[in-house]
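1. here is a sequence with its predicted model. Questions after.
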Amino acid sequence: MKTEIIKSTGMHCNGCEMNTQDFVSELPGVKKVKANHKTGDVKVVFDEKQVTVKDIKDKIREAGYKAE
């Protein structure tokens, strides 16, 4: 398991956090996701054999937010 904190912009409220978490949770290998709109952090615990950081960032973008 690997833990990564991805910087994200565009989240403005708790609903944005939930949206981000729901999208990222859909990925295989993602065990835990916690988004924070105040800090712009998306903390993800995942199995790096099943999913990549790029996949996670792409999913955040698909949810409508920027991922660095």
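-> Ah, there it is. Residues are numbered from 1 along each chain as shown.

2. now do stretch 53-66: distance to the chain's middle.
-> Per Cα atoms, centre = their mean, to the nearest Å, the displacement of stretch 53-66 from the mean C-alpha position of its chain is 7 Å.

3. what about Y65, neighbour count?
-> The burial count assigned to Y65 is 22, neighbours taken as other Cβ atoms under 10 Å. (Glycine included, C-beta is placed from N, CA and C.)

4. pretty sure it contacts F23?
-> No: with contact defined as Cβ atoms under 8 Å, Y65 does not count as touching F23 (9.1 Å).

5. which helix of the protein spans the most residues?
-> helix 14-25 (DSSP state H).

6. give the next helix or strand downstream of that helix.
-> Going down the chain from helix 14-25, the next helix or strand is strand 30-36, by DSSP states H and E.

7. for the very next helix or strand once past that following strand, which strands pair with it and how are they oriented?
-> Later in the chain than strand 30-36, the nearest helix or strand by DSSP H and E is strand 41-46. When sheet partners are counted by DSSP bridges, strand 41-46 sits next to strand 2-9 (antiparallel), strand 30-36 (antiparallel).

8. give the bridge partners for the residue nearest to D58 when sequence neighbours are not counted, please.
-> Beyond its immediate neighbours in the sequence, the residue positioned closest to D58 (Cβ to Cβ, 6 or more residues apart in numbering) is A67, lying 7.8 Å away. Taking DSSP bridges, one obtains S8 as the residues bridged to A67.

9. about what we covered before: other residues contacting the longest helix of the chain?
-> Among residues not part of helix 14-25, those counted as contacts by Cβ atoms under 8 Å, 6 or more residues apart in numbering are 8, 10-11, 30, 33-37, 42, 44, 56, 59-60, 62-65.

10. mind checking how far it is from the chain centre?
-> Remark: helix 14-25 is offset 8 Å from the chain centroid, using Cα atoms, centre = their mean.

11. returning to what we had before: closest to T52 out of the strands paired with strand 41-46?
-> Between T52 and these, the tightest spacing by Cβ to Cβ is seen for strand 2-9, at 10.0 Å.
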